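**Student:** A structural model of the following input is requested.
(one chain, ligands or ions: 1)
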Amino acid sequence: MGIRLHLFPKAMAMTQTITLRRPDDFHLHLRDGAMLQAVLPETTRDFARALIMPNLVPPVVTAAQAAAYRERILSALPAGADFTPLMTLYLTEDTDPNDLARAHAEGIAVAVKLYPAGATTNSHSGVHNFDKVRPVLEKMAEIGMPLCTHGEVTDPEVDIFDREAVFIDRVLEPIRAATPGLRVIMEHITTRTAVSYVRGATGGDLAASITMHHLIINRNHILAGGIKPHYYCLPVAKRETHRLALVEAATSGDGRFFLGTDSAPHTDANKLLPCGCAGCFTATNTMSCLAEVFERENALQHLEAFTALNGAAHYRLPANTGTLTLTRSEAPVSFPSHIETGDGPVTVFDPGFALHWRVAE
Ligand SMILES: NC(=O)N[C@@H](CC(=O)O)C(=O)O
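**Tutor:** Presented below is the predicted three-dimensional model:
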């Protein structure tokens with residue numbers, strides 16, 4: 001489809017519009033119950049499909065659980081929404097390769113999510129011993145079902161800012177070497193090490209998703225001048241050189257990098273604690289923030305690839321046929337600071353700078 005960029009000269013009130021294919025979000029936390037009800041419209045407003053994370057309590061492990069969760073999401077859709085949830089299965093050491101193959105064959109789940117046990121929110125049922133999931137990984141390579149990784153080691157000896165790079169060496173590279181043909185998506189990458197690892201891979205089996213917020217914040221935003229709990233997520237944002245590498249990868253048009261927002265709602269009550277939850281809630285303003293980032297890089301022509309083409313191609317899905325139009329205004333665009341949910345307010349990610357792009361109604 002390409003992008004139609006309409007530029008009107010300054011004298012004509014400087015209006016720009018961009019029309020893209022409707023985007024996909026290849027990493028989304030919708031939760032369940034009242035939270036699902038409240039956050040789902042924030043995504044369906046702009047996105048045609050999203051890869052739904054399975055880290056519920058209890059986790060979505062089996063084909064039957066994924067099918068039931070998909071039904072709950074479809075029942076919660078706002079009237080008239082055109083949205084397809086793409087389900088994932090949570091990999092445990094007890095995952096049955098045949099159940100997983102059935103979920104794939106019947107179109108119930110498109111991918112499997114690997115959480116190292118203890119790495120992040122609701123990951124305690126994840127994998128401790130990677131040898132135990134070898135038969136599952138081999139089955140996935142055989143049937144072409146992708147593995148999505150939360151790429152951080154949990155070894156307490158490893159500094160939290162190094163956990164992604166160490167995961168590549170200790171876990172990911174050995175898994176990929178031992179499982180030829182396994183298709184892997186490194187989710188929410190945060191380091192230039194991960195960008196280089198993806199770029200260095202051959203064979204087309206490796207790609208990475210990048211969040212909007214990791215294109216905007218570095219670790220100073222979280223920690224300098226007072227702690228900002230709403231910027232705390234996992235993997236934690238790294239130093240500025242890493243953010244710049246992510247921006248370069250995302251805005252380059254390289255087909256191996258695509259959007260996965262990792263929009264992860266937690267109530268303010270659960271964020272603002274002595275031990276607060278990890279996750280940034282970004283569904284509400286992702287497209288507006290991304291347009292700003294891509295504009296600053298003079299890369300608006302690659303926004304469609306990052307949000308609507310690269311991910312679909314990697315998941316072997318057709319690109320969406322509908323379109324989404326973004327309009328730029330000189331006057332800043334405002335978003336609500338939080339959304340109300342049945343569980344309490346959830347703060348919307350604040351990029352820390354003025355936004356000018358809005359999704360046209
Ligand atoms: N990103 C986060 O910080 N949190 C996610 C889990 C995850 O994707 O790591 C969550 O479920 O809250």
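**Student:** Residues contacting the longest helix seen in the chain, please?
**Tutor:** Taking DSSP state H as the criterion, the chain has its longest helix at helix 63-76. Contacts with helix 63-76, where a contact means Cβ atoms under 8 Å, 6 or more residues apart in numbering, come from 30, 32, 36-37, 40, 52, 54, 56, 60, 85, 87-89, 99-100, 102-103, 106, 108-109. In this view, the C-beta of every residue, glycine as well, is placed from N, C-alpha and C.
**Student:** Mean confidence (pLDDT) on stretch 152-170, please.
**Tutor:** For stretch 152-170, mean pLDDT rounds to 97.
**Student:** in that stretch, what counts as buried?
**Tutor:** 152, 153, 154, 158, 161, 163, 164, 165, 166, 167, 168 (16 or more other Cβ atoms under 10 Å).
**Student:** ok, the last one touching residue 195?
**Tutor:** No. Using Cβ atoms under 8 Å as the test, residue 168 is too far from residue 195 to be in contact (11.1 Å).
**Student:** Strands along this structure, start to end?
**Tutor:** For the chain, applying DSSP state E gives strands covering 4-7, 16-21, 24-28, 49-52, 84-90, 111-114, 147-149, 184-186, 206-210, 257-259, 323-333, 338-339, 346-347, 355-359.
**Student:** The longest one relative to strand 16-21, how many degrees between them?
**Tutor:** Computed with axes from the mean of the first three to the mean of the last three Cα atoms, to 10 degrees, the direction of strand 323-333 lies at 150 degrees from that of strand 16-21.
**Student:** And the last one, by the same measure?
**Tutor:** Between the axes of strand 355-359 and strand 16-21, defined by the same axes, to 10 degrees, the angle is 50 degrees.
**Student:** need the helices for the stretch 201-350 of the chain, in chain order.
**Tutor:** For the stretch 201-350 of the chain, applying DSSP state H, counting those that start in this stretch gives helices covering 219-223, 240-251, 268-271, 286-296, 303-304, 310-314.
**Student:** and the stretch 201-350 of the chain, which residues reach the ligand?
**Tutor:** 233, 234, 262, 264, 278, 279 (Cβ under 6 Å from any ligand atom).
**Student:** so how far is residue 252 from the residue most central in space within the chain?
**Tutor:** The centroid of the chain falls nearest to residue 260 when counting by Cα atoms, centre = their mean (2.4 Å). According to Cβ to Cβ, to the nearest Å, residue 260 stands 17 Å off from residue 252.
**Student:** Give me the nearest residue to residue 30, chain neighbours excluded.
**Tutor:** residue 36 (5.1 Å; Cβ to Cβ, 6 or more residues apart in numbering).
**Student:** Make a ChimeraX selection of whichever of the residues of the stretch 201-350 of the chain next to the ligand turn out to be buried.
**Tutor:** A single ChimeraX command selects the buried members of those (16+ other Cβ under 10 Å):
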select :233,234,262,264,278,279
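**Student:** Mind picking the two most distant members of the residues of the stretch 201-350 of the chain next to the ligand?
**Tutor:** 262 and 278 (10.0 Å; Cβ to Cβ).
**Student:** Pull up the overlap in contacts between these two.
**Tutor:** Contacts common to residue 262 and residue 278, judged by Cβ under 8 Å, 6+ apart, are residue 233.
**Student:** With mean pLDDT and mean neighbour count added, can I get the strands of the chain in JSON lines?
**Tutor:** Below are the strands of the chain laid out as JSON lines (pLDDT from 0 to 100; neighbours: other Cβ atoms under 10 Å):
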{"stretch": "strand 4-7", "mean pLDDT": "47", "mean neighbour count": "11"}
{"stretch": "strand 16-21", "mean pLDDT": "96", "mean neighbour count": "19"}
{"stretch": "strand 24-28", "mean pLDDT": "98", "mean neighbour count": "27"}
{"stretch": "strand 49-52", "mean pLDDT": "98", "mean neighbour count": "26"}
{"stretch": "strand 84-90", "mean pLDDT": "98", "mean neighbour count": "23"}
{"stretch": "strand 111-114", "mean pLDDT": "98", "mean neighbour count": "25"}
{"stretch": "strand 147-149", "mean pLDDT": "98", "mean neighbour count": "26"}
{"stretch": "strand 184-186", "mean pLDDT": "98", "mean neighbour count": "27"}
{"stretch": "strand 206-210", "mean pLDDT": "98", "mean neighbour count": "24"}
{"stretch": "strand 257-259", "mean pLDDT": "98", "mean neighbour count": "27"}
{"stretch": "strand 323-333", "mean pLDDT": "96", "mean neighbour count": "15"}
{"stretch": "strand 338-339", "mean pLDDT": "98", "mean neighbour count": "17"}
{"stretch": "strand 346-347", "mean pLDDT": "98", "mean neighbour count": "22"}
{"stretch": "strand 355-359", "mean pLDDT": "97", "mean neighbour count": "19"}
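**Student:** Please report how far the closest residue to residue 259 other than its chain neighbours lies from residue 287.
**Tutor:** Of all residues beyond its chain neighbours, the one nearest residue 259 is residue 307 (4.8 Å), with distances taken as Cβ to Cβ, 6+ apart. Here residue 307 is placed at a distance of 7 Å from residue 287 (Cβ to Cβ).
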